[in-house]
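Visitor: model this:
(2 chains)
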Amino acid sequence: AQSVTQPDARVTVSEGASLQLRCKYSYFGTPYLFWYVQYPRQGLQLLLKYYPGDPVVQGVNGFEAEFSKSNSSFHLRKASVHWSDWAVYFCAVSMGGFASALTFGSGTKVIPCLP
Amino acid sequence: ETAVFQTPNYHVTQVGNEVSFNCKQTLGHDTMYWYKQDSKKLLKIMFSYNNKQLIVNETVPRRFSPQSSDKAHLNLRIKSVEPEDSAVYLCASSQGLGGRYAEQFFGPGTRLTVL
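Guide: Modelled structure (predicted):
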């Protein structure tokens, strides 16, 4: 069965600093991978998606992610965090073929590191 | 720009009552979904519908039932709600089934509180 692991429940980062959110997947087949962001009291918004091809994918608002088959990972990165990035981030994998529901990781909350 | 609409935004009810949530998508997609997000932000698929046919039905309690009049609408009914049903219910849609059609668009959610 497929699964997604986000090992960090919370990540603290200062505005302007770089950000990396980790995602490991387990899937027997060709994965289609997604990163979503959820702001308080809102639904999920797509940041970026990986379809088999170039391992580095660009998303909205300066986010990018890199797919690694050897590490079964799909980590999300941003070079410089903005205050509007404080939110919960979800990594997800799609079953291929007939069934298409997403399997989500448990989410990583990005919170500000206050001086 | 919202393309998946959910009503109501919030609903408070008592144990044993029946509730119904509505979802409509204007994207022309063929597949719709209901997810449950619990208090720890964990997301679990409940149902998915493709061309009005139920194609994924996780082991949710029988008191939950999806209802669809056409491919643009997927409602969720809960007969006799229980306290553990308190959660955010997220509706989503995708162009099709799996793979490249797996990208899902989410509504803002309906927050249910059962007293």
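Visitor: Low-confidence ranges, the chain, go.
Guide: In the absence of a named chain, this looks at chain A. A:95-100 (pLDDT under 70).
Visitor: not quite, I wanted chain B
Guide: Ranges of chain B meeting pLDDT under 70: B:1-2, B:56.
Visitor: Give the residue farthest from the middle of it.
Guide: The outermost residue of chain B relative to its centre, with distances by C-alpha atoms, centre = their mean, is B:Arg100 at 22.0 Å.
Visitor: SS state for that one?
Guide: Here B:Arg100 is recorded as helix under DSSP: H, G, I helix; E, B strand; the rest coil.
Visitor: How about it: what's its closest non-neighbour residue?
Guide: In space, and not counting its chain neighbours, B:Arg100 is closest to A:Tyr51: 5.7 Å by C-beta to C-beta, 6 or more residues apart in numbering or on different chains. Just so you know, the C-beta spots here come from the backbone N, C-alpha and C atoms, and that holds for glycine as well.
Visitor: gap between the one you found and A:Phe34?
Guide: For A:Tyr51, the distance to A:Phe34 (C-beta to C-beta, to the nearest Å) stands at 10 Å.
Visitor: The two: which is more packed in?
Guide: Each of A:Tyr51 and A:Phe34 has its neighbours counted (other C-beta atoms under 10 Å in any protein chain shown); A:Phe34 has more, 26 against 16.
Visitor: So which other helices or strands are in contact with whichever strand or helix holds the more buried one?
Guide: Assessed by DSSP states H and E, A:Phe34 sits inside strand A:32-38. When contacts are defined as 3 or more C-beta pairs under 8 Å, 6 or more residues apart in numbering or on different chains; DSSP states H and E, strand A:32-38 packs onto strand A:44-50, strand A:63-68, strand A:73-78, strand A:88-94.
Visitor: Tell me which of those sits most buried.
Guide: Counting by mean count of other C-beta atoms under 10 Å in any protein chain shown, strand A:88-94 has the highest mean neighbour count of the helices and strands packed on strand A:32-38, with a mean of 25.
Visitor: Can you tell me what sits against the following helix or strand past that one?
Guide: As assigned by DSSP H and E, the chain's next helix or strand after strand A:88-94 is strand A:102-104. Residues outside strand A:102-104 that contact it (C-beta atoms under 8 Å, 6 or more residues apart in numbering or on different chains) are A:2-4, A:34, A:36, A:90-95, B:42-43, B:45, B:102, B:104.
Visitor: tell me the angle of the helix or strand following strand A:102-104 relative to strand A:32-38?
Guide: Using DSSP H and E, the next helix or strand after strand A:102-104 towards the C-terminus is strand A:108-112. Between strand A:108-112 and strand A:32-38, the angle comes out at 40 degrees (axes from the mean of the first three to the mean of the last three C-alpha atoms, to 10 degrees).
Visitor: What is strand A:108-112 packed up against?
Guide: Other elements packing on strand A:108-112 under the criterion 3+ C-beta pairs under 8 Å, 6+ apart are strand A:10-13, strand A:19-21, strand A:88-94.
Visitor: Figure out which of these is closest to chain B.
Guide: Closest of the helices and strands packed on strand A:108-112 to chain B is strand A:88-94, at 3.5 Å (criterion: C-beta to the nearest C-beta).
Visitor: Listing partners with orientation, what would you give for the closest one?
Guide: The pairing partners recorded for strand A:88-94 under DSSP bridges are strand A:32-38 (antiparallel), strand A:102-104 (antiparallel), strand A:108-112 (antiparallel).
Visitor: Can you give the distance from that strand to the centre of its chain?
Guide: Taking C-alpha atoms, centre = their mean, to the nearest Å, one finds the center of strand A:88-94 at 5 Å from the center of the full chain.
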